[in-house]
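Colleague: below is the structure, and that's it, no one-letter string:
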């Protein structure tokens, strides 16, 4: 077949090759990085882009990062036009030039074929520290970006294969932890892995075929996405999501309002009615908020749609600057990624009437605790992000229960618990409990996913604790008669017996070793009338200790025989018919 | 005179390979009997005896060794028909098994549900006890907790007990004490203890592996009892050995005690078989691929050994035992073609399997499959399928492809079939890349060994896709694993977690630890009858840059376990890291850490030698048995192509492409760019025209 006509078969072949390359890059990242948020939680994305910065394929372990690279890559092409050479490497994190979160630092490597720039390999990962006033980057007191982070606009750190040592030193002189330097080297390594494979692919097929088939791939994906959108009834749908507490004004409430217009094979998300930005760090950037929109919507369509430029063509997202989802320069924005759960709530509430079979009940919102200090065994600083504690349940669908302990919707099961034994090697803490939480799931014909309870004893010196998140005021909502899940909380039980309940955006210094960390991540919302749930199933869950006898009776109308611990069918019938 | 037999019991067929010195190898195939696989096993032996005009007993009595690969444990997990297991674990973490660290593999699919845990929550009991991160007891084992749990297990009819406590990799005393109580209170129950199954750090990995062992242990026990009974009844007096997932074999006793060792053993004999096919040509590197009805297995052999990994999954459940690095993807003769909503052609992973099977089988299949495409293209013959024992329905296949694929894409039927052929080839090429490119190995420097009933039709196309210049279709392509089983060795794998910086290792202590593992390995092998001079010890470290989380597996020379050897170990690590991950930090002076020390004790078994292939065997042309019209998927045109009888080709015969070599169990499609030549072992070598022989 000649190079001038598209070949649908070759398009399939190239599409799988791109996917395989980004997965290989992703594997290299997770196998070589040091910070637990990268190697365990996999808070990074790897991708390939064409010479113009358009997305060819991505592997996003965390969906919230899904649309944060392509706009930066386009910016980079523009900014450095004429000065992009083989062997260059660029860094970027700046949220006011299309970045999504200060801690998410990207590495870009241009890919050349016969002397021409043809594509880019890029990796962006959440770094353990990014300078600013507070270790780890979450500064609830921040009002401006400089109090949060070192800004890295698009800069060249390797020029034609030669490290610009002065530039490198300037960056890492402003970052607390040495591992950040190592993890950025891992990002460059993963880009090199992608570059090697793309060069081989281009040698094989040639530039012309590559360009032609890429366009065909975009069109095929676009057709797929348009067909999905077409299956949603035309209309204008509105929904709200709520953000509780901006980190500065206890009790404050900020509302996200979305108006979704489905018109044939096009969909538009308009956030014009959303509340204005906060004075603190609870603000989004366009990239983080638009990613949240797309990832929520993608869960409502065919999960097999390839992730490339074609997918986003039929989607318009309007987020006015100055709103809480798109803060204006130079506002603080580190919390922005965590506005995904309320943003998802708004979209789900809007679309549930249009596509009730595809919209889940509410997911548990993230509430995360981060501890830093000195490990006396090694003399090294440590940072622990409490992944195991933060993962609550997802919301139920009409035919499927929520997923237990999956974690926030922005990761959708992509962030993993620390392995318990590695946790005790890498931190001075001692695990006491990490189990599914009884009665945490919203009840329903389909129940929500269960949350978890986590306890560990803090060890080490110079201990500092930071919290960020939400879900401690408003639980995950139920649908169609399903009930909400339970709330999140984090408490510190100090050695003297005092119990300190932390807020959802807190910073506590001088925490004594021996303090017990007690955390609950709540469950997801239920779907449908709990009394329609098969009584046998409820009885099994009582036997398994994830539903109490009291909840079985009050919410599900199911009675358990106190003598046998098994279902009492007669009493259950009376309970269910009597209501 | 030695007589050895390999028996590979798969999902559809039981394959038997028989090797006796002084005679060419023989192979037999009989349908598997899933309700009791030992029935099909004995039927295979009966067929072998019959072929020699013997009563089964007369043959069985003379057998010296049987190597057996079984999927009973694999099937028990896939169909959730394993034992009822009770779990004793540390108080506070009993849900780790079910939570699987909180992963949902399909992040955008809200309908994906979690895996049903192998032990229900009501049978997972937390015990008050604690070993700390350094292996010290920080809370004593509360025996009354164990006893209460065991009473509960007794009432609940538990058939097997798994024991896994936190940090038992560093101190196994509590697990040992709990095991004693189980044996005392629940005699006869299968017990699986984590510090015995896998004494390595990482709680979830060890827990899952231990529970899997308990879940399939009683099944394997029961099966081996029956099999051994039948063999003894038939007069068997030789040695029975069982394939393990690592590619080695173990005694039935070892397999019983660590039953999870067999879970991924299905394709594990493939690499040995592949190596045997290329070894006569002086090669020690190859990539083996085995394409059956539903799946495609690819493995990499480098320097005479297949690569291992220590993180594998079965049905989304983790097994952290050494397992051959075999990529299994859903591509086989039964893979179904479909169009995605964007109009792109896809193949698999859905498979029509053996029933209903491809449309052309006429068993009621309606969805077009890879085999249907092969038939439409003329690569398979409607009349000569399986040696003519089964007629294929060409019209049915054409209609299915026309309706589902060709029509919607606006292509001619044969064009669509050619597309199906290409897409499945590119899927298979991805499987090969997983085990080569992703491991830092260039597949172009390797020979491709192509086996399985469906594989050889796609051999040249896969080689083309991967730019691999040489391939081999082994004589025994359709009983590939059974013959590989006769080439395996006894293997015992040991691991000790030994977290320390490389520069701060206490070498004398480390040598002592290694010495203990070696001693256990040697004594086990001696007990199994391996003479001391045939024992080999292989040592490896799992290493990383300080504070990395994952390790790189680095082979270590026994003689390097001291300060002088340190630099060589470090150097090997840096090089491996750069190959795998695109960079290394030798110049940055980054400290290295050792996490695990692994030792493998190998007992080399003697084997019946295959005749050496004469690479210089004069090549001569041979005559075709006929010709037929083939729509070449490469050239996109109908051409008359000569057809040779694969089973009658003799050493030295040369077959230039385009040509088909059709045998009873498999057919080879030799494209125009390649030529085939039969070697002394009657394997068919495929080489790019004008490129010379298969040398590196």
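Modeller: Everything's here; your move. These figures come from a predicted structure and were not determined experimentally.
Colleague: what about the residue of the stretch 1-150 of chain A found nearest chain B, how many neighbours?
Modeller: At 3.6 Å from chain B, residue A:39 is the closest residue in the stretch 1-150 of chain A, using CB to the nearest CB. All C-beta spots, glycine's among them, are computed from the backbone N, C-alpha and C. Residue A:39: 24 surrounding residues under other CB atoms under 10 Å in any protein chain shown.
Colleague: residues contacting it?
Modeller: Applying CB atoms under 8 Å, 6 or more residues apart in numbering or on different chains to residue A:39 gives the contacts A:30, A:31, A:32, A:33, B:548, B:549, B:550.
Colleague: phi, psi of the fifth one?
Modeller: So the one you mean is residue B:548. With angles defined as degrees, to the nearest 10, residue B:548 sits at phi -70, psi 170.
Colleague: for the nearest residue to it once chain neighbours are set aside, grab phi and psi.
Modeller: In this structure, residue B:548 finds its nearest non-sequential neighbour in residue A:34, 5.3 Å apart by CB to CB, 6 or more residues apart in numbering or on different chains. Main-chain dihedrals, residue A:34, degrees, to the nearest 10: phi -110, psi -40.
Colleague: touching, residue A:34 and residue A:183? I think so.
Modeller: Yes - in this structure, residue A:34 is within contact of residue A:183 by CB atoms under 8 Å, at 5.8 Å.
Colleague: residues of the stretch 151-300 of chain A that sit close to chain B?
Modeller: Neighbours of chain B within the stretch 151-300 of chain A, by CB under 8 Å from any CB of the partner chain: A:179, A:182, A:185-186, A:188-193, A:196-197, A:204, A:220-224, A:227-228, A:295, A:298-299.
Colleague: that older thread, for the contacts of residue A:39, pick the one with the most neighbours.
Modeller: Within the contacts of residue A:39, most neighbours by other CB under 10 Å means residue A:33, with 32 neighbours.
Colleague: quick check, that one in contact with residue B:545.
Modeller: No - under the criterion of CB under 8 Å, residue A:33 makes no contact with residue B:545, lying 10.1 Å away.
Colleague: shared neighbours, those two?
Modeller: Residues touching both residue A:33 and residue B:545 by CB under 8 Å, 6+ apart: residue A:182.
Colleague: how is the chain partitioned into domains?
Modeller: Reading this off chain A. Listed by automatic domain parsing, the domain ranges of chain A are A:8-222, A:360-531, A:535-578.
Colleague: my bad, chain B
Modeller: B:81-216, B:490-603.
Colleague: lowest-confidence helix or strand of chain A?
Modeller: Sorting the helices and strands of chain A by mean pLDDT, DSSP states H and E puts helix A:8-32 at the bottom, at a mean of 84.
Colleague: after it, next one along is what?
Modeller: Counting by DSSP states H and E, the next helix or strand C-terminal to helix A:8-32 is helix A:36-39.
Colleague: coming back round to it: okay, the domains of chain B in CSV with mean pLDDT next?
Modeller: Formatted as CSV, the domains of chain B follow (pLDDT from 0 to 100):
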stretch, mean pLDDT
domain B:81-216, 97
domain B:490-603, 91
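Colleague: mind putting those domains into CSV with distance to residue B:50?
Modeller: Formatted as CSV, the domains of chain B follow (distance: least, CB to CB, whole Å):
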stretch, distance to residue B:50
domain B:81-216, 33
domain B:490-603, 31
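Colleague: what's the burial count for residue 143?
Modeller: You didn't say which chain, so I picked chain A. 16.
Colleague: ah, no, chain B please
Modeller: For residue B:143, using other CB under 10 Å, the count is 15.
Colleague: surely it touches residue B:181?
Modeller: Yes - the criterion here is CB under 8 Å, and residue B:143 meets it with residue B:181 at 6.6 Å.
Colleague: what's the spacing between the least confident helix or strand of chain A and its chain's center?
Modeller: Computed by CA atoms, centre = their mean, to the nearest Å, the chain-centroid distance of helix A:8-32 equals 21 Å.
Colleague: now stretch A:113-127
Modeller: 23 Å.
Colleague: list the buried residues in that stretch.
Modeller: Neighbour-count burial for stretch A:113-127 flags A:113, A:117, A:118, A:119, A:120, A:121, A:122, A:123, A:124, A:125, A:126, A:127 (criterion: 16 or more other CB atoms under 10 Å in any protein chain shown).
Colleague: go on, stretch B:207-224?
Modeller: Of all the residues in stretch B:207-224, those buried under the rule 16+ other CB under 10 Å are B:207-221, B:223-224.
Colleague: and whatever residue of chain B ends up closest to chain A, how many neighbours does it have?
Modeller: In chain B, the residue that lies nearest chain A is residue B:104 (2.6 Å; CB to the nearest CB). Residue B:104: 24 surrounding residues under other CB under 10 Å.
Colleague: thinking again about what came up before, which of the residues of the stretch 151-300 of chain A next to chain B fall in helices?
Modeller: Applying DSSP state H to these, the entries found in helices are A:179, A:182, A:185-186, A:188-193, A:196-197, A:204, A:220-224, A:227-228, A:295, A:298.
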